[in-house]
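# What would the 3D arrangement of this be:
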Amino acid sequence: MPRKCEVCGTATKKTCVGCSRTAYCSTKCQKQHWFTHILECEKPGREVTTADRLVATAMTDEIFIDSATMADYGFLKVTNDAESTIIVSLFTEMIRDLGIRAPALHKWRIEGRLHSEMVRVYREAGRTESDTKFQWLLQRPSLFSPDPSNIATRMYELALGFEHQTWIHIGGSPADSHDDITIAQQLWSADRKQCFRFYTSMLSSGGPTVSASDVWIQFGFCVYEDQANFALRNLYSSLIQICPFNEFCDAYSTSSLIALMDRKNLKASRRQVPPDLEIVLSGSPHNIQDVWYLKTFAVFDEGEVPTSDVLVPFGFLNCVDDAEMTQLRLFYGRLFKDYQISPSTLQEAADRDQLLEYIMKVPWLNISKVEKHFLRRVLKTQNHPTALALTK
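Numbers count the residues shown, from 1 in each chain. As a prediction, this is how the structure comes out:
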């Protein structure tokens, strides 16, 4: 079935040359969208670096800056909001207007000459010391040096700043210190603390990362196979701006975030998100299907390893060593990413102890004889009853 080109909307059967995830009608369209797609492409052809995320950040407002990128490119060394605005503006101008791309930025950084090259680029563009931003750049070579001595301290200070920002957003006093916030939160429920963590991730970087797997899963980001989940980030961003924190926490604790979104007139935005969001949030936070933890573990290298009671029903107990566990994990990752299987249907198959039967019927499944033998051994062995026995 033809899909629509990600860039121009033309109907096409062509996809990215490195993966089948995104449709492009031509090489021209793929090149135009590459600065974003490289972050999720399975075979990008080279190492994906923090410079790639920086370029994507500059080219679109929908990509958040992660902590590693902030550390590599000086954002964690600035001391106030005014300087943050300037450094963002400098990189945005270099990338958007002056055409600097990720490979060059990465090379300059690892060779320790990021600052000198930035100065050169701006001089060649006709900037002089009379330009305020250029003057600021000239005076701050240490911001762009590879010296990491103060990064840990700066990251801690940044985390405290994000915590304070969230505290004020939910109605806390601007005068409250970190200790005041900590004392107040001692009386909070675990669900309320989790909502605060989620708000902090949204306000600081546009949403959680998969490394915080509990937040990632409990708020439904696990419905995606990549971290470029713009529609869901935008949906939550709108929700937390118009919804009181107490109301949000109540909806989270009662598995009714979907109803809250609709009540806040965000149904149209919600419908842009994969429909599996309703399945996840209807069980969140305490009755989420195990398959969503499996999916996060299988699809993302950064995902946390689930507990044994989650892994056992999906055949992992039958693996004889770490290599086989990795093999099974990567196979599940392929099922989710390449074959777009339904997580809920996979869960149903696991509950009936019919994983092998279900997987062998996946349309267009391409596996070798060796892999098929492996799957028969690890999957058709009464996984579900074993799991129940272990969790009693």
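
# Just give the closest residue to I65, not the sequence neighbours.
T57 (5.3 Å; Cβ to Cβ, 6 or more residues apart in numbering). For glycine as for every other residue, the C-beta is placed from the backbone atoms N, C-alpha and C.

# From what I see, the one you found and T69 are in contact.
Yes: assessed by Cβ atoms under 8 Å, T57 is found in contact with T69 at 7.3 Å.

# rewinding a little: ok, the residue nearest to I65 to T79 distance?
Per Cβ to Cβ, to the nearest Å, T57 is found 21 Å from T79.

# just to confirm, which helix or strand has the residue nearest to I65 in it?
Using DSSP states H and E, T57 maps to helix 50-59.

# Report the mean per-residue pLDDT for that helix.
Throughout helix 50-59, pLDDT has a mean value of 91.

# One more: stretch 164-173?
96.

# what about T57 and T79, which has more around it?
When neighbours are counted by other Cβ atoms under 10 Å, T57 comes out ahead of the other of T57 and T79, with 21 against 10.

# so where's the stretch 251-392 of the chain shaky on pLDDT?
381-392 (pLDDT under 70).

# where in the stretch 1-150 of the chain is pLDDT low?
For the stretch 1-150 of the chain, the ranges with pLDDT under 70 are 1, 21, 61-64, 146-150.

# all strands for it, in order.
Taking DSSP state E, counting those that start in this stretch to define them, one finds strands in the stretch 1-150 of the chain at 3-4, 11-12.

# who wins for proximity to L355 among those strands?
Minimum separation from L355 across these (Cβ to Cβ) falls at strand 3-4, 29.4 Å.

# Listing partners with orientation, what would you give for that closest one?
Note on strand 3-4: by DSSP bridges, its sheet partners are strand 11-12 (antiparallel).

# so L232 makes contact with L277?
Yes: L232 is within contact range of L277, at 7.1 Å (criterion: Cβ under 8 Å).

# Comparing these two, which shows the higher neighbour count?
L277 (24 against 20).

# got the contact list for that one?
When contacts are counted by Cβ atoms under 8 Å, 6 or more residues apart in numbering, L277 touches 220, 223, 232, 258, 270.

# mind checking which helix or strand it is in?
helix 276-283.

# Which strands or helices does the helix or strand following that helix pack on?
The helix or strand immediately downstream of helix 276-283 is helix 290-299, counting by DSSP H and E. Counting contacts by 3 or more Cβ pairs under 8 Å, 6 or more residues apart in numbering; DSSP states H and E, helix 290-299 packs against helix 213-218, helix 308-311, helix 322-337, helix 343-351.

# Please state the offset of stretch 195-209 from the chain centre?
11 Å (Cα atoms, centre = their mean, to the nearest Å).

# err, stretch 362-381, not the other one
Taking the mean of its C-alpha atoms, stretch 362-381 sits 30 Å from the chain's own mean (Cα atoms, centre = their mean).

# Only the buried residues of that stretch, if you could.
Of all the residues in stretch 362-381, those buried under the rule 16 or more other Cβ atoms under 10 Å are 362, 374-375, 378-379.

# buried set for stretch 333-343?
333-338, 341, 343.

# I'd like those residues laid out as a markdown table, including distance to R192.
Listed next are the buried residues of stretch 333-343 as a markdown table, based on distance: Cβ to Cβ, whole Å:
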| residue | distance to R192 |
| --- | --- |
| G333 | 34 |
| R334 | 38 |
| L335 | 36 |
| F336 | 32 |
| K337 | 34 |
| D338 | 39 |
| I341 | 35 |
| P343 | 28 |
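
# What's the end-to-end length of stretch 339-347?
16 Å (Cα to Cα, to the nearest Å).

# Show residues contacting that stretch.
By Cβ under 8 Å, 6+ apart, stretch 339-347 touches 276, 279, 289-292, 294-295, 335-336, 355, 358, 362-365.

# what does stretch 100-115 give?
So stretch 100-115 is contacted by 35, 38, 46, 49-52, 54-55, 72-73, 94-95, 117-118, 121, 137, 140-141, 143-146 (Cβ under 8 Å, 6+ apart).

# Next, find the distance separating K337 from V119.
Counting by Cβ to Cβ, the gap from K337 to V119 is 42 Å.

# ignore the last one, K31
With the distance defined as Cβ to Cβ, K31 ends up 29 Å from V119.

# Have a look at the two and say which one is more surrounded.
V119 (17 against 12).

# Thought L137 was touching that one, still the case?
Yes: in this structure V119 lies within contact range of L137 using Cβ under 8 Å: 6.5 Å.

# How about K77, nearest residue that isn't a chain neighbour?
Here the residue nearest K77, using Cβ to Cβ, 6+ apart, is L143, at 4.8 Å.

# if I pick the one you found, what's in contact with it?
L143 touches 74, 77-78, 87, 115, counting by Cβ under 8 Å, 6+ apart.

# Spit out the contact partners of Y332.
294-295, 298, 314.

# Adding distance to A251, write the residues you listed out as CSV.
Shown next, in CSV, are these (distance: Cβ to Cβ, whole Å):
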residue, distance to A251
L294, 26
K295, 24
A298, 29
F314, 30
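
# between the residues you listed, which is nearest D351?
F314 (11.0 Å).

# My guess is the closest one contacts K295. True?
No: applying Cβ under 8 Å, one finds F314 not in contact with K295, separated by 10.3 Å.

# domain parsing for the chain?
Annotated domains of the chain cover 1-45, 54-147, 152-283, 290-391 [automatic domain parsing].

# what distance separates the start and the end of stretch 364-373?
End to end - Cα to Cα - stretch 364-373 spans 18 Å.

# before we move on, the earlier item: of the contacts of stretch 339-347, which is the nearest to G18?
After measuring the contacts of stretch 339-347 against G18 - Cβ to Cβ - the closest member comes out as F336, at 17.9 Å.

# That'll do, ta.
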